[in-house]
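Visitor: Test case, fold it:
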Amino acid sequence: MKKLAILVSGIGTNMRHIFHAISNGKLSTTCRISSVISDRKCKAIKYAFKKKIATFSLQKTEKKLLSQEIDKILIKNTPDLIILSGFLSILSKKFCKKWEKKIINIHPSLLPKYGGKGMYGMKVHQEVLKRKEKISGATVHYVTKDVDAGKIILNKSCKISSKETPLSLYKKISLIEKEILIQSLNYFFNQSFSKRRKI
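Guide: Reported below is the predicted structural model:
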């Protein structure tokens, strides 16, 4: 059985989707969420606790020590894959190097566009609409020392309507995130990440 560690900062929408996908047998490999780690007080950690998943809240940890504390937890839990699910803290270069090719992130844009520090959540959608883009989407990528710059695993686009708002775009992209995240997990465990994939 493969073990997943999930890092969260907010509601944990994608984390919940993974949990349901496991429960409903939508993953090609038998998996379980072995740990959920948060960098702040959030709803995601409460949800995981109720589901009897091992939870670790590090909201009082100094930023410079956060990656070290997460590393200590992961060493004990030995996950096969680490997933950033709306995780807002920047992980250290040393941490990213150590867990290279074992950490993935879901980002609400078609990277490399609208990525990097400060580009997360609704801020991404606001900027996309401000720049009058015709399409947007979501991307699953490997996590590296450079923010949102890791190799793209899978992405999917959608059209932006003339009446689009940041909220409507958020809802549209959220559906795409859920779809490609589960597909990416299946690709990962089937060792099919050798090529960048578009759908």
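Visitor: what's the helix or strand for the residue lying closest to residue 86 once chain neighbours are set aside?
Guide: Excluding the flanking residues, the one nearest residue 86 by Cβ to Cβ, 6 or more residues apart in numbering is residue 10, at 4.7 Å. C-beta here means a position set from N, CA and C on the backbone, and glycine is covered the same way. In this structure, residue 10 is located outside every helix and strand according to DSSP states H and E.
Visitor: what sits against residue 10?
Guide: For residue 10, the contacting residues are 42-44, 86, 88, by Cβ atoms under 8 Å, 6 or more residues apart in numbering.
Visitor: Show me the two of those residues that sit farthest apart.
Guide: Pairwise distances across those peak at 14.0 Å for 43 and 88 (criterion: Cβ to Cβ).
Visitor: Nearest to residue 64 among the contacts of residue 10?
Guide: residue 88 (15.9 Å).
Visitor: Need the three-state assignment for residue 176.
Guide: At residue 176 the chain is in helix, as set by DSSP: H, G, I helix; E, B strand; the rest coil.
Visitor: any idea how far it is from residue 186?
Guide: The gap separating residue 176 from residue 186 is 16 Å, by Cβ to Cβ, to the nearest Å.
Visitor: What strand or helix carries the closest residue to residue 56 other than its chain neighbours?
Guide: Spatial nearest neighbour of residue 56, excluding adjacent residues (Cβ to Cβ, 6+ apart): residue 37 at 4.6 Å. Take DSSP H and E as the rule and residue 37 turns out to sit in strand 31-38.
Visitor: After that strand, which helix or strand is next?
Guide: helix 43-50.
Visitor: counting contacts, what elements does that next one pack onto?
Guide: Judged by 3 or more Cβ pairs under 8 Å, 6 or more residues apart in numbering; DSSP states H and E, helix 43-50 is in contact with strand 2-8, helix 13-23, strand 31-38, strand 55-57.
Visitor: how about the longest one: buried residues?
Guide: Buried positions in helix 13-23, judged by neighbour count with 16 or more other Cβ atoms under 10 Å: 14-19, 21-22.
Visitor: try stretch 165-180
Guide: For stretch 165-180, by 16+ other Cβ under 10 Å, it's 166, 169, 172-173, 176-178, 180.
Visitor: May I see these arranged in TSV, with pLDDT and distance to residue 145 as well?
Guide: Compiled in TSV, the buried residues of stretch 165-180 are given as follows (pLDDT from 0 to 100; distance: Cβ to Cβ, whole Å):
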residue	pLDDT	distance to residue 145
166	97	30
169	98	29
172	97	31
173	97	26
176	97	27
177	97	23
178	96	27
180	97	24
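Visitor: So, low pLDDT: which residues of this protein?
Guide: For the chain, the stretches with pLDDT under 70 are 191-199.
Visitor: Given the strand holding residue 37, what are its sheet partners and their directions?
Guide: Partners of strand 31-38 in the sheet, by DSSP bridges, are strand 2-8 (parallel), strand 55-57 (parallel).
Visitor: Give me the contacts around that strand.
Guide: Applying Cβ under 8 Å, 6+ apart, the contact partners of strand 31-38 are 1-9, 12, 15, 18-19, 22, 44-45, 48, 53-59, 70, 73-74, 77, 79, 185, 189.
Visitor: Cheers, nothing more for now.
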